[in-house]
Structures are given as C-alpha cells and as structure tokens.
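Novice: quick one: sequence plus predicted model below, questions after.
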Amino acid sequence: MIRLPLATITSACMASLMVVATAASAQTAPDAARIHAADQAFIADATKDVATQRDAARIATSRSTDRDVKAFAERVSSDNAKISDALRAASPRGVDVPKNDPDAAVLASINNLRGADFDKTYIEQVALAGEQKALSAFQAEIASGRDEQLKDVAKKALPTIQEHYAMAQDLAKRKHLTAQ
C-alpha cells in the first residue's frame, strides 16, 4: 500500500473539485444567460411589436381594398420578417425569444373589419401607433442596451422602422386621418 501525505491527498481532492465545478459552471452559464433588464425588455417588446406589425400587414393584404394600404402592408411584412430573423439570431444563447408572439388584442381589433373601416383602423392602430411603439423599443435598446449584438440589430433596423413610420404618417395624411 502506498502512503501519501494528507496534504497531497487533500490537494488532489481540491483540484478534482475545482475541475468539476469549472466544468459544471461552463455548461450552465450559457443556458442561464443572464442579460441586462434593458436587453431582456427589448427582446420581449421588439419581438412582439415586429410580430404584430408583420401579422397585421398580412391581414391587410387580404382585407384592404386600398392599393396604398396593401403596398404599405406588403413592405412592412417583408421588412419585419427580416428584422424578426435578425433579432432571433442576435439574442444571447439560452434566452427565450418568442418565434411568433403578436399582440392578440391589436390583431383582434382589425380581424373582422373590411374596406374603409379596415383601412382606417389599420392605419391608426397598427401603422401609426404600432410603428411608434416599435420605434420606442428600438431607440431604448440603442440608448440603454448592454448586449452589443442586440444593439447592433437595433441600430441596423431603426432606419427601416423610421421609414415605416414616415410611410404610415404619409398614408394617414393621404387618407385624411390624423397622423401621430
């Protein structure tokens, strides 16, 4: 039987425990992805706003009778699908990003409307108010976010969202609605 000093055995045990603890922490850190509250709020708000805009735009392409509203909706739907993909790709690993979590109340408010009633409600509640809400979420991430990838997505998407908002304001003016 080999006799080792107690200090050697203790050191070996401590080293083994350190290796196990380091390995366990390396495995759980990405899954537990602790991100700043501003970044977490951005992920939740931005994905909801973008999904709502995208889904409402899809409804608009089938329910609206106005070619300007349809053209706006098609543009928003296409652009927001790209923004949604970019948000998902930039989110830290282990953070739950809703794939499709639109605001059901907004969609319900336009879902059963047609023609001029649809166009008015869509322009006021979705195009103007919704784009303004999305603008706020993306601007807040740029100002307060800590995750560089998320901030980069917000910076790249902001001009598109600003353009959507300007288009919505122009659309509201042409349809004699109050632009926000």
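Specialist: Thanks, I have it. Since the model is a prediction, treat every value here as computed from it, not as a measurement.
Novice: tell me the helix or strand right after the least confident helix or strand in the chain by mean pLDDT.
Specialist: Taking mean pLDDT, DSSP states H and E as the measure, the helix or strand of the chain with the lowest value is helix 6-31, at a mean of 48. Per DSSP states H and E, the first helix or strand lying C-terminal to helix 6-31 is helix 37-63.
Novice: quick check: buried residues in the following helix or strand past that following helix?
Specialist: Going down the chain from helix 37-63, the next helix or strand is helix 67-90, by DSSP H and E. By neighbour count on 16 or more other CB atoms under 10 Å, the buried set for helix 67-90 is 69-70, 72-73, 76-77, 79-80, 83-84, 86-87, 90. (Glycine included, C-beta is placed from N, CA and C.)
Novice: how about stretch 98-105?
Specialist: Per 16+ other CB under 10 Å, stretch 98-105 contains these buried residues: 102, 103.
Novice: kindly export that stretch (C-alpha atoms) in PDB.
Specialist: Output in PDB follows, covering the C-alpha atoms of stretch 98-105 (Å, rounded to 0.1, in the frame of the first residue of the first chain):
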ATOM      1  CA  PRO A  98     -40.700  34.100 -28.900                       C
ATOM      2  CA  LYS A  99     -41.000  33.000 -32.500                       C
ATOM      3  CA  ASN A 100     -44.400  34.400 -33.100                       C
ATOM      4  CA  ASP A 101     -46.000  36.300 -30.300                       C
ATOM      5  CA  PRO A 102     -48.100  39.100 -31.800                       C
ATOM      6  CA  ASP A 103     -50.400  41.300 -29.700                       C
ATOM      7  CA  ALA A 104     -53.700  39.400 -30.000                       C
ATOM      8  CA  ALA A 105     -55.800  42.500 -29.000                       C
END
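Novice: show residues contacting it.
Specialist: 44, 47, 48, 49, 51, 52, 54, 55, 56, 88 (CB atoms under 8 Å, 6 or more residues apart in numbering).
Novice: roughly how far is that stretch from the heart of the chain?
Specialist: In terms of CA atoms, centre = their mean, to the nearest Å, the centre of stretch 98-105 is found 10 Å from the chain centre.
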